[in-house]
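Undergrad: from the sequence below, what's the structure:
(2 chains)
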2 protein chains.
Amino acid sequence: MVDVGALVAELGDDVVVTDAERTEKYRWDRANDPDAGVPLAVVRARSTEDVQTAVRFAAAHGLPVVPRGAGSGLSGGASAVDGCLVISTERMTGIEIDPVTRTAVVQPGLMNAQVKAAAAEHDLWYPPDPSSYEICSIGGNIATNAGGLCCVKYGVTTDYVLGMTVVLADGTAVQLGGARLKDVAGLSLTKLFVGSEGTLGVITEVVLRLVPKQRPPATLVATFPTLDSATAAVLAISSRLRPSMLEFMDGPTIRAVEDMTHMGLDREAAAMLVIQSDEPAGHAATECELIEGLCEENGASEVFRTDDPDEGEAFVVARRNAIPAVERTGTLLLEDVGVPLPQLGTLVDGIADISAKREVTIAVIAHAGDGNTHPLIVFDPADTDMAERAQTAYGEVMELAMSLGGTITGEHGVGRLKRPWLGDYLGPDVLALNQRIKDALDPQGILNPGAVF
Amino acid sequence: MVDVGALVAELGDDVVVTDAERTEKYRWDRANDPDAGVPLAVVRARSTEDVQTAVRFAAAHGLPVVPRGAGSGLSGGASAVDGCLVISTERMTGIEIDPVTRTAVVQPGLMNAQVKAAAAEHDLWYPPDPSSYEICSIGGNIATNAGGLCCVKYGVTTDYVLGMTVVLADGTAVQLGGARLKDVAGLSLTKLFVGSEGTLGVITEVVLRLVPKQRPPATLVATFPTLDSATAAVLAISSRLRPSMLEFMDGPTIRAVEDMTHMGLDREAAAMLVIQSDEPAGHAATECELIEGLCEENGASEVFRTDDPDEGEAFVVARRNAIPAVERTGTLLLEDVGVPLPQLGTLVDGIADISAKREVTIAVIAHAGDGNTHPLIVFDPADTDMAERAQTAYGEVMELAMSLGGTITGEHGVGRLKRPWLGDYLGPDVLALNQRIKDALDPQGILNPGAVF
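TA: Numbers count the residues shown, from 1 in each chain, chains lettered A, B, ... in the order given. Reported below is the predicted structural model:
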C-alpha cells in the first residue's frame, strides 16, 4: 500500500483525510454501487493547486483518482475504487458574476441551486436544472453534461459552458476557453471535457454563460386515462409548440408522489403531464390554451391551468420529488434512457411489458419533451430473485431504447453501472475512438478508472 | 509523385479530377492565401463511401487531404497543399427534415441558406447565420464552428449540432450522436469535431437541431459621432437587454457601403449600430424603445426605428455587404478577433491607433453584442511596403486582442493564416493538449496539414 504521509505532510491532515470513519461517506454516490471500493485517502481540495498536488502524487504512485462533487450521481461515476484518492471539490465553492458579459466564474463544489441564486441577484439565470439541483454540484453537472427539466427549450449543460480550468492526468492545470461566446482558436476542448465524467481531468473552475432571468411561467397539468393518450399528447404539443417544460409521470409515480405529498393528485390516472410556458405575458397564456386543446384532443381526462407561478411550482416540485417518493416504496435501479420523440410511446409501452414480464414495478418519469425517460425499477434487495429480475429489466430497458434508435443515458452519465452496455450502444469503432482520446490524455489510466471506460 | 490512376479507376474521372485547369479553382478559399499549393487531384465526393475511398487512398500513400466545402473560408483552412487530395463536398447536398423532433439530417455541401430555406418550409429555423450564409456550406460552418449575426442571442454553430458522420484518418466512418437533445453515453465527440477545421476527420453528414421560426424582428439603426459613444451604447444595451442582433460598423465601413449601395447612410458618422429585437409582437417594439433611449443617452446623433421586417432587412443586408463593399477599395486582410464585451471600446480604439501607426486603412465591422470584431485591413499588394505594414498590423491586432483577454479568432477559424499566433494565444500546455488529440486521431498527420497545427 502506498504511504500517503508525504501528501498529508504537504497539504495537511485537514485536507487529506485517511481516517476510515471519515472517508466512509465518500465511497458511494446516490447510485449506491454495491461494488464501491475503499479509498486510500480523501483529498478535500481547497484550490486548483491542491488538486494538482494530489494528482501529481497519484501519477507518481500510479494511484487511481476518483473526482467527486456532491456525490449525487446516479450512475456510479463517483463510486470509490479500492486504494484510490478521492478528490472532493466540496470546499471549492467560490462564484463571481459579471453582469455585463453575462458570465459566471464558478468553482466546482458550488451547488447548482447556489449558482442559480447568485445569478438571480443580477436578474440573470443559469438554466440547466437537474431535479436534484439543490443537492448536486455544478462540477458534477459539467462532468456529466447534466440535463434537467428546462432542456426541452433551453438545452443542456454543455450549451452554457464557455470555459474551464482542468487539472490533467499529470497534474498540469490548463485554462480552456473563457468569457467569450465566440472562440474557435484550437480544438473545442472545453466541450470535450463537458460530460467526460472525470476520465480526462479534474475540473477545478468553470466559466458559465448566463441569460436574462426567466419570465414567470404559466403552468398546465393534465391527467390521462392511458399511457398512449398521454404520449400522443406529448407528440402533438412538441410538433407545434415549444413549452419551457414538458414532464411526464406514469400511474405508479403519481400514486407514490400522492402518498408522500397528499396534494390531491388523481390516483386513477394512467399518466400526468406537467407543462410550462415562459413566453412573455399574454403569449404564455395563449400557448397554454393551445396546449390545453391538444391535451383534450388526445383524450385528457382533466386539465388544470394557472398563471400563478407559485401554484404552478407546486406541481413542478411534485415532479421533482418523484424519485424520492418512489424510493419510499423500495430500492431503486434508476434508468435514464432517451429516444427520438416519435418513439416515446413505443418506449413507454415496452417498459410496461418489461415490468409485467419481470414482475417488478417500473415507475416511469420522463422529461417527455426531449424524449428522455427515467424508468425507476423498484425491488427488494433482500429478495435475491427479485433483485436479479430487476437487474435483468435494467438491461432490457437499455436494449429496448437502443432498438428504438435511443441512448442508454440521456443525462446521468455512464459511470460504472452502465459501462457494460456502452460498447453495444457505441459500436466498436466509436468505442475505439473514445479509447484513443482517453489513452492520449490519461496514458497511465489513473483518472476515474472503471467509469465509462 | 503518387499515381492516382487507381483512385480514378475506382471512383471515375467525373469524381476524381486531375486536369490542372479544372483543379485550379480548388486551390484557394476566400482568404486567397498566396502560399496555396497545387493539388494532385480533387475528389468531388458523392457520398460518405466516396470520401472513405479517397481517405483510404491518401492514408495508403501518405498524401495530405484537404477537406473543402464551398471555399468561402477566411483563414485559409481550405487552401490546397502541394500534392494533396482536395476532398470537395460540393455534390453532397441532401437534406431531410423531421418536424416532430425538430432536426435536420444534412449533407455537408448544402449552403447554409439552403438549410434555412428547407427548415422554413416546416416553419422551423436554423439560427446560425454567417454573413456569407448564401455562399458558405453547412459542412464548412461546422468545421469552423461558424458564428454570425444572431449568435448574440442564439449561440453559435456547435449549439445546433447533435450528431454527425465523420470519416476518420484511416477511412473508417463513424456515426456520433444523433437526433436526441440529450445523450451523454461516451465522450462528447460530436462537439470535438465541431470547429476542428478538417484536422481530425472529414464530416460527411450532420444532424442539426432546429427551433421554431423566428418572429419578424423590429429593427433600430443608430449613428454616433464618435467610436466611444457607439461602444458605450453597446455596453449599455448588452447589460440590460438581449437583442437578437447587435451589429457595429465604423466610419470607413459606412462610407464603403454607401459608395456601393447609395442607400443614404450618414457619411459623417463615426459609427453605426444595427440592432434587432425578435421578442413577440408588442414586446419587440418595447425593447427597441428602450434601446433607442440607451442610444440617445450615449450620444447617438440619429436613431431610426421600424417594425417593418423588409425595411429592417435592408440595413442588415448593408451590414452583411460590408466585407464586399470594403473589398472594392483594396485587397483585404480579414481579422476576426474577439474580446470580453467590456473591452470592446478599448479594442476599437486600439485598432484605430494601429491603423494610424501603420498607415493602412482598417475598417471595423463587429458582431458587437458578442464582442467579436472584424477589422478589415485594406492594402495594395503592388505596394510591397504597404503590404508589409498591413501584415504587421494583422499581427498587432491579434496581439492587442490577446492583451485584452480576447481571442485571435472568434468565428473564422485558425486555418493557415492565423496558425503563427495560435501558440501564443493558447500557451504551451493547451497547445500540447491539442496536439495530443490530433496525434491520437491522425497519427500520420495527413488531415489538412498546416491548418491549425
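
Undergrad: now the lengthiest helix in chain A against helix B:419-441, angle please.
TA: Among the elements of chain A assigned as helix by DSSP state H, the one spanning the most residues is helix A:419-441. Using axes from the mean of the first three to the mean of the last three CA atoms, to 10 degrees, one finds that helix A:419-441 and helix B:419-441 are set 140 degrees apart in direction.

Undergrad: hmm, who's touching helix A:419-441?
TA: The set of residues that contact helix A:419-441 without belonging to it, under CB atoms under 8 Å, 6 or more residues apart in numbering or on different chains, is A:168-169, A:192, A:199-201, A:395, A:398-399, A:402, A:407-408, A:414, A:445, A:450-453, B:168, B:172, B:174-176, B:185-187, B:189, B:192, B:433, B:436-437, B:439-441. Heads up, the C-betas are built off the backbone N, CA and C, glycines and all.

Undergrad: just how off-centre is it within its chain?
TA: 21 Å (CA atoms, centre = their mean, to the nearest Å).

Undergrad: what does stretch A:243-258 give?
TA: For stretch A:243-258 - counting by CA atoms, centre = their mean - the centre lies 18 Å from the chain centre.

Undergrad: ends of it, what's the gap?
TA: Counting by CA to CA, to the nearest Å, the length from the leading to the trailing residue of stretch A:243-258 is 25 Å.

Undergrad: one more: stretch A:105-114?
TA: For stretch A:105-114, the separation between the terminal residues is 13 Å (CA to CA).

Undergrad: go on, stretch A:157-170?
TA: 27 Å.

Undergrad: please see if that stretch touches chain B.
TA: Yes. Residues of stretch A:157-170 are located near chain B by CB under 8 Å from any CB of the partner chain, namely A:158, A:159, A:168.

Undergrad: find the nearest non-adjacent residue to the first one, please.
TA: Nearest in space to residue A:158, with sequence neighbours left out and distances taken as CB to CB, 6 or more residues apart in numbering or on different chains, is residue A:194 at 4.3 Å.

Undergrad: quick revisit: export the residues of stretch A:157-170 next to chain B as TSV, with columns for distance to residue B:427 and neighbour count.
TA: Putting the residues of stretch A:157-170 next to chain B into TSV (distance: CB to CB, whole Å; neighbours: other CB atoms under 10 Å in any protein chain shown) gives the following:
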residue	distance to residue B:427	neighbour count
A:158	24	21
A:159	26	19
A:168	13	22
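
Undergrad: restricted to strands, list those.
TA: Within those, membership in strands is found for no residue, as judged by DSSP state E.

Undergrad: about what we covered before: what mean pLDDT does the longest helix of chain A get?
TA: In this model, helix A:419-441 carries a mean pLDDT of 98.

Undergrad: and the helices in the stretch 301-450 of chain A?
TA: Residue ranges of the helices in the stretch 301-450 of chain A, as given by DSSP state H, counting those that start in this stretch, are A:309-320, A:322-327, A:344-358, A:384-403, A:419-441.

Undergrad: please work out which of these is packed deepest.
TA: Of all the helices of the stretch 301-450 of chain A, helix A:322-327 carries the top mean neighbour count, a mean of 21, counting by mean count of other CB atoms under 10 Å in any protein chain shown.

Undergrad: pLDDT score for the closest residue to residue A:350 other than its chain neighbours?
TA: Leaving aside its chain neighbours, residue A:350 sits nearest to residue A:400 (4.7 Å; criterion: CB to CB, 6+ apart). Here, the pLDDT recorded for residue A:400 equals 98.

Undergrad: ok, now residue A:281?
TA: pLDDT recorded at residue A:281 is 78.

Undergrad: for it, which non-adjacent residue is spatially closest?
TA: Take residue A:281 and drop its neighbours on the chain: the residue closest to it by CB to CB, 6+ apart is residue A:215, 7.4 Å away.

Undergrad: do I have it right that that neighbour meets residue A:282?
TA: No. Judged on CB atoms under 8 Å, residue A:215 makes no contact with residue A:282 at a distance of 10.9 Å.

Undergrad: more neighbours: these two, which one.
TA: residue A:215 (16 against 12; other CB atoms under 10 Å in any protein chain shown).

Undergrad: quick one: the more buried one from residue A:277, how far?
TA: Counting by CB to CB, to the nearest Å, the separation of residue A:215 from residue A:277 is 9 Å.

Undergrad: what do you get for residue A:181?
TA: The spacing between residue A:181 and residue A:277, counted by CB to CB, is 26 Å.

Undergrad: returning to that earlier point: okay, and the common contacts of residue A:215 and residue A:277?
TA: Counting by CB under 8 Å, 6+ apart, the contacts common to residue A:215 and residue A:277 are residue A:284.

Undergrad: list the residues that contact residue A:211.
TA: Contacts here follow CB under 8 Å, 6+ apart; on that basis residue A:211 touches A:102, A:124, A:125, A:127, A:154, B:242.

Undergrad: mind checking the SS state of the fourth one?
TA: Under DSSP: H, G, I helix; E, B strand; the rest coil, residue A:127 falls in the coil class.

Undergrad: verify the stated contact: it with residue A:150.
TA: Yes. In this structure, residue A:127 is within contact of residue A:150 by CB under 8 Å, at 5.1 Å.

Undergrad: enumerate the residues of the stretch 351-453 of chain A near chain B.
TA: Proximity of the stretch 351-453 of chain A to chain B (CB under 8 Å from any CB) is limited to residues A:367, A:370-372, A:405-414, A:418, A:422, A:425-427, A:429-431, A:433-434, A:436-441, A:452.

Undergrad: 6 Å instead, please
TA: Where proximity means CB under 6 Å from any CB of the partner chain, the interface of the stretch 351-453 of chain A facing chain B comprises A:370, A:372, A:407-411, A:413-414, A:425-426, A:429-430, A:434, A:436-437, A:440.

Undergrad: who wins for proximity to residue B:302 among the helices of the stretch 301-450 of chain A?
TA: Ranking these by distance to residue B:302, with CB to CB as the measure, places helix A:309-320 first at 41.4 Å.

Undergrad: what does the closest one contact?
TA: Residues lying outside helix A:309-320 but in contact with it, judged by CB atoms under 6 Å, 6 or more residues apart in numbering or on different chains, are A:131, A:216, A:219, A:221, A:247, A:257, A:261, A:274, A:306.

Undergrad: swap in 7 Å and give it another go.
TA: Contact partners of helix A:309-320, identified using CB atoms under 7 Å, 6 or more residues apart in numbering or on different chains, comprise A:131, A:216-219, A:221, A:247, A:249, A:257, A:261, A:263, A:274, A:276, A:306.

Undergrad: among these, the buried ones, what's the PyMOL command?
TA: Selection command for PyMOL covering only the buried members of these, criterion 16 or more other CB atoms under 10 Å in any protein chain shown:
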select buried, chain A and resi 131+216+217+218+219+221+247+249+257+274+276+306
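
Undergrad: picking that back up, for the contacts of residue A:211, which one is nearest residue B:270?
TA: residue B:242 (25.8 Å).

Undergrad: let's verify the closest one: helix, strand, or coil?
TA: Using three-state DSSP, the secondary structure recorded for residue B:242 is coil.

Undergrad: contacts only, for the residue lying closest to it once chain neighbours are set aside.
TA: Counting by CB to CB, 6+ apart, residue A:212 is the residue found nearest to residue B:242 once chain neighbours are left out, at 5.3 Å. Residues touching residue A:212, when contacts are defined by CB under 7 Å, 6+ apart, comprise A:123, A:124, A:125, B:242.

Undergrad: can you tell me how far residue A:212 is from residue B:248?
TA: When CB to CB is applied, the distance between residue A:212 and residue B:248 equals 21 Å.

Undergrad: please apply the same query to residue A:294.
TA: Summarising the geometry, the distance separating residue A:294 from residue B:248, computed by CB to CB, is 43 Å.

Undergrad: over to residue A:375?
TA: Here the distance between residue A:375 and residue B:248 works out to 51 Å (CB to CB).

Undergrad: equivalent analysis for residue A:208, please.
TA: Note on residue A:208: its distance to residue B:248, by CB to CB, is 26 Å.

Undergrad: what do you get for residue A:223?
TA: Relative to residue B:248, residue A:223 is positioned 52 Å away (CB to CB).
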